[in-house]
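Colleague: coords please:
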Amino acid sequence: NKQKKCSFVIGTHEIANYMFSLKSIFKDQAISVNLAVNKFYAKNKYDYAIKSKNKYLTYIVRIFYGPYLLAKLSNQADVFIYIWSTGFCLDREIDYKFLKKKKKKIVCIFLGSDIRSHKLRIDHHTKNDLDTGSNYTAEIINILKREIIVKKVALLADQYADLIFGHPKDQPSYLKSVQYPVPYIYGARHSQCNEEKFNNLDEIIVVHASTSPLTKGTPLVRAAIKKLKIEGYRFKYIELFNAPNEDLLKTLEKSHIVLSQFYAFALGVFSVEGMAYSNAVITSADYDGFSENQNNAWLRTKYWEVYENTKYLLDNPEKIKNYANNGFKFVKKNFREEQVKKYYIDSFYNNKIIDDKNIFAKRS
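Modeller: Model (predicted):
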């Protein structure tokens with residue numbers, strides 16, 4: 001039987017719902033392959049997936065299933081988009097060599113610890129007299145081993161990738177190639193900011209969620225919350241860890257203030273979700289990589305300012321609604337699915353990944 005051609009293959013590791021969202025943008029023009037279960041997005045559906053939660057069984061299955069899918073899908077698409085640092089084969093270099101022999105295009109999207117050098121990050125922050133989340137990671141114990149891994153990931157990407165997306169400011173790495181910003185994807189179904197929840201602020205709901213408490217600044221958040229409560233401020237504080245994404249989004253629908261992360265330069269998915277669900281977001285991000293119009297979209301807060309800026313919003317509740325409205329408009333303006341799709345298509349076309357971007361209009 002003749003196999004159906006598609007534009008892209010997207011795989012092989014789900015991080016922050018990005019693979020699922022990217023597939024949703026390109027629909028049947030892309031094939032999604034998830035070879036590792038992500039407990040936060042367990043309900044997501046992919047074209048091909050290993051669903052076992054047993055890591056040892058998953059490893060064994062991947063030994064055979066991954067190479068089979070790579071060979072099969074290489075007959076259906078000319079562009080392979082890699083999310084994270086894993087591949088179809090256990091050694092991603094095998095993927096790269098195989099695809100280059102088949103004259104396929106390779107695109108890498110790096111989202112965090114897959115490419116980030118903790119050593120370079122610590123060196124940069126030490127030079128600028130700043131603390132960093134890398135000082136609190138388990139990897140610091142085996143930093144030399146970790147550096148070998150991220151150096152190889154960068155070396156292979158420089159050698160084989162035709163296009164690379166990343167956050168070089170937030171993810172210092174050994175990459176030498178040009179990196180294009182990774183856009184967040186606004187997948188919420190809201191058409192307008194949820195202003196109704198600001199009609200009654202008798203109980204302000206403050207939310208903090210993290211999968212890595214030390215690197216995101218959770219101890220700083222807890223200290224700020226404790227001090228505010230001692231001082232007599234009345235509010236409801238919700239702290240979520242390792243919660244399914246659907247539970248997190250339900251909480252954001254009713255909350256007012258999001259305390260995100262405090263050691264990063266980039267927004268992060270949780271910050272974007274907070275703004276998309278009409279929250280005033282407090283985070284350390286000082287840029288997003290796309291738009292210069294970021295004024296008051298979120299309350300920029302470094303790790304030493306968590307208490308002061310949270311107190312500021314509690315003292316000025318009218319500012320909570322202002323930040324929520326500004327943040328919602330910012331996300332809607334910059335990260336809607338149609339805008340992200342255009343951004344990727346233009347990037348692919350300008351870098352000769354695809355020859356004709358009109359094919360997406362013809363097949364939509």
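
Colleague: and residue 194, that one's in a helix?
Modeller: No: according to DSSP: H, G, I helix; E, B strand; the rest coil, the state of residue 194 is coil, so it is not within a helix.

Colleague: just give the closest residue to it, not the sequence neighbours.
Modeller: residue 278 (4.2 Å; C-beta to C-beta, 6 or more residues apart in numbering). (Glycine included, C-beta is placed from N, CA and C.)

Colleague: could you check how far the one you found is from residue 201?
Modeller: According to C-beta to C-beta, to the nearest Å, residue 278 stands 13 Å off from residue 201.

Colleague: again with residue 351
Modeller: Remark: distance between residue 351 and residue 201 (C-beta to C-beta) = 48 Å.

Colleague: now residue 180
Modeller: Distance of residue 180 to residue 201, computed by C-beta to C-beta: 41 Å.

Colleague: when the two are compared, which one has more neighbours?
Modeller: Neighbour count, other C-beta atoms under 10 Å: between residue 180 and residue 201, residue 180 has more, with 18 against 15.

Colleague: my guess is the more buried one contacts residue 165. True?
Modeller: Yes: here residue 180 reaches residue 165: they are 5.0 Å apart, a contact under C-beta atoms under 8 Å.

Colleague: between these two, which contacts overlap?
Modeller: When contacts are counted by C-beta atoms under 8 Å, 6 or more residues apart in numbering, residue 180 and residue 165 have residue 347 as shared neighbours.

Colleague: ok, which stretches of the stretch 201-350 of the chain are strands?
Modeller: Applying DSSP state E, counting those that start in this stretch to the stretch 201-350 of the chain gives strands spanning 205-210, 236-241, 257-259, 280-283, 299-300.

Colleague: residue 39 is nearest to which of those strands?
Modeller: If you check each of those against residue 39 by C-beta to C-beta, strand 236-241 wins as the nearest, at 12.0 Å.

Colleague: which of the residues in the closest one are classified as buried?
Modeller: Residues of strand 236-241 classed as buried: 237, 239-240 (neighbour count, 16 or more other C-beta atoms under 10 Å).

Colleague: for residue 121, see how far away the closest residue to residue 173 other than its chain neighbours is.
Modeller: In this structure, residue 173 finds its nearest non-sequential neighbour in residue 115, 4.5 Å apart by C-beta to C-beta, 6+ apart. Separation of residue 115 from residue 121 (C-beta to C-beta) stands at 11 Å.

Colleague: residue 89 too?
Modeller: As judged by C-beta to C-beta, residue 89 and residue 121 stand 29 Å apart.

Colleague: residue 221 now?
Modeller: Distance of residue 221 to residue 121, given as C-beta to C-beta: 21 Å.

Colleague: which of these two has more neighbours?
Modeller: Taking other C-beta under 10 Å, residue 221 and residue 121 do not tie; residue 221 has more neighbours (24 against 20).

Colleague: the more buried one reaches residue 259, doesn't it?
Modeller: Yes: counting by C-beta under 8 Å, residue 221 does reach residue 259; the two are 5.0 Å apart.

Colleague: quickly list what's touching both of those two.
Modeller: Residues touching both residue 221 and residue 259 (C-beta under 8 Å, 6+ apart): 208, 306.

Colleague: neighbours of residue 133, just the number please.
Modeller: Residue 133 has 21 neighbouring residues, counting by other C-beta under 10 Å.

Colleague: give me the pLDDT for it.
Modeller: Looking at residue 133, its pLDDT reads 82.

Colleague: again, but for residue 93
Modeller: pLDDT for residue 93: 97.

Colleague: tell me the spacing between the residue nearest to residue 285 when sequence neighbours are not counted and residue 327.
Modeller: Computed as C-beta to C-beta, 6+ apart, the closest residue to residue 285 that is not its neighbour in sequence is residue 267, at 4.5 Å. Counting by C-beta to C-beta, the separation of residue 267 from residue 327 is 10 Å.

Colleague: overlap in contacts of the two?
Modeller: Here residue 267 and residue 327 have residue 298 as joint contacts, going by C-beta under 8 Å, 6+ apart.

Colleague: can you pull out the helices in this protein?
Modeller: In the chain, the segments counted as helices under DSSP state H are 18-26, 55-73, 92-101, 118-127, 143-160, 213-216, 218-230, 245-254, 269-276, 306-315, 317-334, 337-350, 359-362.

Colleague: winner for burial among those helices?
Modeller: Among the helices of the chain, judged by mean count of other C-beta atoms under 10 Å, the one packed with the most neighbours on average is helix 269-276 (a mean of 26).

Colleague: distance of residue 75 from residue 278?
Modeller: As judged by C-beta to C-beta, residue 75 and residue 278 stand 46 Å apart.
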